[in-house]
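Engineer: got a sequence here, can you model it:
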Amino acid sequence: MPPFESLPYRPCAGLAVFNRKGRVFIGRRIDGPEHVDETHAWQMPQGGIDPGEDPWPAALRELYEETNIRSIEKLGEIEEWLTYDIPREIVGQAWGGRYRGQTQKWYALRFTGDENEINIASPAGGHDPEFVEWRWEPLANLPAMIVPFKRPVYERVVQSFAKFASASEARRRG
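Structural biologist: Presented below is the predicted three-dimensional model:
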């Protein structure tokens with residue numbers, strides 16, 4: 001395997017999906033080498049951007065493949081890409097050892113559908129489920145629920161999207 005520092009970052013899109021009460025969708029991952037315990041197995045929907053794919057369509061595709069959610073409106077995005085390194089000891093287990101971490105383009109969305117649209121057990125397109133459970137969570141709680149090496153990215157997402165998390169903001173927009 002090449003030296004850690006020479007590995008590229010995996011391009012990825014992340015989504016903070018808010019409900020009408022200003023809470024955000026979070027799912028508990030089924031598995032993955034980066035999940036060291038049950039407390040830190042939660043995350044917002046996110047996934048890789050295919051070669052030649054633009055970030056926004058990739059984000060919508062990933063959201064649909066992980067949750068079946070299609071009823072959304074875009075609230076905002078973080079202009080720059082947010083990057084994290086995975087722990088060196090799991091590089092060979094994650095993404096076939098091809099990446100040192102991810103560089104992520106983050107979007108804030110509002111879920112406008114009915115909750116029966118959400119289906120993590122049988123995701124769209126025959127994809128394998130990534131989440132074993134989900135819930136709506138206050139945005140500010142998320143950094144403590146994520147694996148520690150992703151925490152700075154989640155703290156930035158919380159800071160950037162906090163304006164969408166208040167129930168009054170959700171009602172004003174709705």
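
Engineer: and stretch 99-116, what's its mean pLDDT?
Structural biologist: Mean pLDDT, stretch 99-116: 96.

Engineer: swap in stretch 123-135?
Structural biologist: 88.

Engineer: so for that stretch, what gets flagged as buried?
Structural biologist: Of all the residues in stretch 123-135, those buried under the rule 16 or more other Cβ atoms under 10 Å are 123, 130-131, 134. For glycine as for every other residue, the C-beta is placed from the backbone atoms N, C-alpha and C.

Engineer: now Tyr64: closest residue in space that isn't a chain neighbour?
Structural biologist: Ala124 (4.8 Å; Cβ to Cβ, 6 or more residues apart in numbering).

Engineer: residue contacts, that neighbour?
Structural biologist: 64-65, 68 (Cβ atoms under 8 Å, 6 or more residues apart in numbering).

Engineer: do Pro152 as well
Structural biologist: Tyr84.

Engineer: quick check: it is in a helix.
Structural biologist: Yes - assigned with DSSP: H, G, I helix; E, B strand; the rest coil, Pro152 falls within a helix.

Engineer: and the gap between it and Thr83?
Structural biologist: According to Cβ to Cβ, to the nearest Å, Pro152 and Thr83 sit 9 Å apart.

Engineer: which helix or strand in the protein has the lowest average pLDDT?
Structural biologist: helix 167-173 (a mean of 47; mean pLDDT, DSSP states H and E).

Engineer: quick one: neighbours of the residue nearest to Leu142 when sequence neighbours are not counted, just the number.
Structural biologist: With sequence-adjacent residues excluded and distances taken as Cβ to Cβ, 6+ apart, Leu142 is closest to Tyr154, at 5.3 Å. The local packing of Tyr154 (other Cβ atoms under 10 Å) involves 23 other residues.

Engineer: returning to that earlier point: out of the buried residues of stretch 123-135, who's nearest Arg110?
Structural biologist: Arg110 has its nearest neighbour among those in Trp134, at 16.5 Å by Cβ to Cβ.

Engineer: now do the SS call for that closest one.
Structural biologist: Going by three-state DSSP: Trp134 is strand.

Engineer: helices along this protein, start to end?
Structural biologist: 55-67, 151-161, 167-173 (DSSP state H).

Engineer: let me have the ones you listed in JSON lines, extended by distance to Leu109.
Structural biologist: JSON lines is the format used below for those (distance: least, Cβ to Cβ, whole Å):
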{"stretch": "helix 55-67", "distance to Leu109": "8"}
{"stretch": "helix 151-161", "distance to Leu109": "10"}
{"stretch": "helix 167-173", "distance to Leu109": "12"}
